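okay, predicted coordinates and the sequence, questions at the end:
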Amino acid sequence: MSKGAYTGPLEKVDSCCYRIPKAYRPDMRVDGLIFANETLIESIRKDQSPDQVANVATLHGIQGASLAMPDIHWGYGFCIGGVCATDPADGGVISPGGVGYDINCGVRLVKTNLFLDDVKHRIRDLVKGLFYTIPAGAGKSGRYKFDTTEVRRLMGEGPRFVIDRDLGVARDLTHTEALGRIEDADPDEVSDHAVKRGSEQCGTLGSGNHFLEVQVVDSVFDADVAATFGLELNQVCVMIHSGSRGLGYQVCDDALAQFRTAPAKYGITLPDRQLACAPATSPEGRKYIAAMRAAANYGFCNRQLLMHQTREVFASVFGRSWEDLGMELLYDVAHNIAKLEDHTVDGKKKKVWVHRKGATRAFPAGHPEVPEAFRAVGQPVIIPGDMGRASWVLVGAAGSMERTFGSTCHGAGRAMSRTAAKTMASGRKIEKELEARGVIAMASSRMGLAEEQPAAYKNVDQVVDVVHAANLSRKVARMRPIGVIKG
Amino acid sequence: MYELFEHTADLGLRATAADLNTLFAEAAACLFTAVVEDISTVRPEVAVTVELAGGEREYLLFDWLKELLYRSDADHLLFGKFEVRVRDDGLTGSAWGEPFDPARHVLSHEVKAITYHGLVVERTDDGWLAEVIVDI
């Protein structure tokens, strides 16, 4: 049931940005800004996501504008593709809905020294090996089981905890956002329910839009940056998209229950209950922040274990060690998270809570949080697309610090509902269609494959064109899938 | 009666019933039709009981579904049959099901969470209507 199109104002700011003026609604504190071109904005108008951008503009302490990336689509509470920064010194709120249920859902890209010609005859074995080794889909437990104490330690230490158990190497950490450990996480603020859900799920892919893909570098747009990242034409890479699994969902659930009474307590009027929030400095806010950071560290660990299993499968299929296959982590980025960051707002330096709900951090060259190896060019940004067309590697650019609190898009964004995609897939064999396009796909759920078919998504190339033109992040390389495993 | 309805990235659950008790049971059945392809394949071998306090019906429905989802995910259980007694100050619910068995159950979605977005429990001309959007 789509409740119809957005009918409010969308003023063109420039060729890649549209404004919902503050005057649209009396409760808006700032403008809404949607980054899109003429083609994308027409599809964005068709659902209520612009109204969700306006809803977010009502939050206490919001800075600059309520922002949306070109992959924006209708979410619950916040739109997907939304960025919102709040100033804790100005009554700024923290909102679990602005992070999402899947805390630290994100992407990592693992390189190899193999090329398309080395892999194309082995791709079926590789996809089978990955599919039968890596637990994917609903109801799957992982091969790594941790007791309650271990799960809490893992949330405190991040991937370091599993690397100390030989499930990775120390250099993986330097290529992970926040070095894989967000400081001031408090695992004791994570409920027993959440810990229980997390005890068997670390190292599992999950379902929905999560995936693991074998990809090949299809085009290189910036040879210098690509060389710095260690990417070249026809090189084979693995992209891993997953989050903090049931543990993260439960942390968000628990916080939303605790936040039910917060709006009344702090005099906040909400246009949508799912925007539940509390001042970041309030007891409720602090508790959520501590637990959210712990869940984020679990998310980094989950992707670390998924990468470890991938390295093992490649080693077994090619009969060489993963080190010998050059399976180094390019980078790991979160796209559902809230982080306290330094930004300049109206000429003043401030520490703000940047909520990224389906948006990726995109720090430019010279930023101190960009790993040293990439500091001269900028942070690698990994953008998963759909399983038939493409994904992208971008590099953070200066415009992101000026316009979007250091953020860019996070993916293609859905263009079609799950039910519509399923209806469209009826009578078709999605696996066969993908195979005809040169993609070998295995999924644990038929329905998952139908709902995630390429046509259900916007064309990621168009989304990337906008963030490139807006100088939020710049094109480095386009990746084409050749093998896919899905939940 | 229940059905799934569309939402861009997620799924909507809609249930209708003559009374609140049936409405809550139907909403739970609707949730598990989003989880498993054929809910009739779930045998009622184990029972769980849920006691919840709360006077606000929408939050009560939310908490009921959230609790079932938690038990399903944490204990690898699927549920297919439900009975609920809704009171003014809470509810007592029972759910029957069995452990997930990949040989007999085809799972369709991992429901991450129940959301508050568009959450509705309201009277209609001939009974009650509930709508919930779940995160996939």
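Alright, I've got the coordinates.

show me what from the stretch 51-200 of chain A comes close to chain B.
Residues of the stretch 51-200 of chain A found near chain B (Cβ under 8 Å from any Cβ of the partner chain) are A:73-77, A:80, A:100-102, A:137-139, A:141, A:193, A:196-197. For the C-beta atoms, the positions are set from N, CA and C on the backbone; glycine is no exception.

just the buried positions in stretch B:44-54, please.
Going by neighbour count (16 or more other Cβ atoms under 10 Å in any protein chain shown), the buried part of stretch B:44-54 is B:48, B:50, B:52, B:54.

narrow the residues you listed to those in strands?
With DSSP state E as the criterion, strands contain B:48, B:50, B:52 from among these.

which residue, other than its chain neighbours, is closest to the second one?
Right, the one you point to is B:Val50. Nearest residue to B:Val50, sequence neighbours excluded (Cβ to Cβ, 6 or more residues apart in numbering or on different chains): B:Gly93, at 4.4 Å.

try the first one
The spatially closest residue to B:Val48, leaving aside those adjacent along the chain, is B:Ala95, at 5.3 Å (Cβ to Cβ, 6+ apart).

which residues of chain B lie near chain A?
B:4-12, B:14, B:35, B:37, B:59, B:63, B:66, B:70, B:73-74, B:76, B:100, B:102, B:106-110, B:112-119, B:133, B:135-136.

switch to 7 Å and redo it
Within reach of chain A by Cβ under 7 Å from any Cβ of the partner chain, chain B has these residues: B:4-12, B:35, B:37, B:66, B:70, B:73-74, B:76, B:100, B:107-110, B:112-113, B:115-117, B:119, B:133, B:135-136.

out of these, which are inside strands?
Short answer: those in strands (DSSP E) are B:4-6, B:11-12, B:113, B:133, B:135.

same list (the residues you listed) but as JSON lines, adding distance to A:Ser426 and pLDDT.
Converted to JSON lines, these look like this (distance: Cβ to Cβ, whole Å; pLDDT from 0 to 100):
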{"residue": "B:Leu4", "distance to A:Ser426": "15", "pLDDT": "90"}
{"residue": "B:Phe5", "distance to A:Ser426": "17", "pLDDT": "88"}
{"residue": "B:Glu6", "distance to A:Ser426": "15", "pLDDT": "80"}
{"residue": "B:Leu11", "distance to A:Ser426": "17", "pLDDT": "89"}
{"residue": "B:Gly12", "distance to A:Ser426": "20", "pLDDT": "93"}
{"residue": "B:Ala113", "distance to A:Ser426": "28", "pLDDT": "92"}
{"residue": "B:Ile133", "distance to A:Ser426": "23", "pLDDT": "93"}
{"residue": "B:Asp135", "distance to A:Ser426": "24", "pLDDT": "90"}
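
A:Gly347: which of these is nearest?
Nearest to A:Gly347 among those: B:Asp135, at 38.8 Å, using Cβ to Cβ.

hmm, back to that, and the residues of chain B next to chain A, which are buried?
Counted by 16+ other Cβ under 10 Å, the residues of chain B next to chain A give B:4, B:6-12, B:35, B:66, B:70, B:73-74, B:100, B:107-110, B:112-113, B:115-117, B:119, B:133, B:135-136 as buried.
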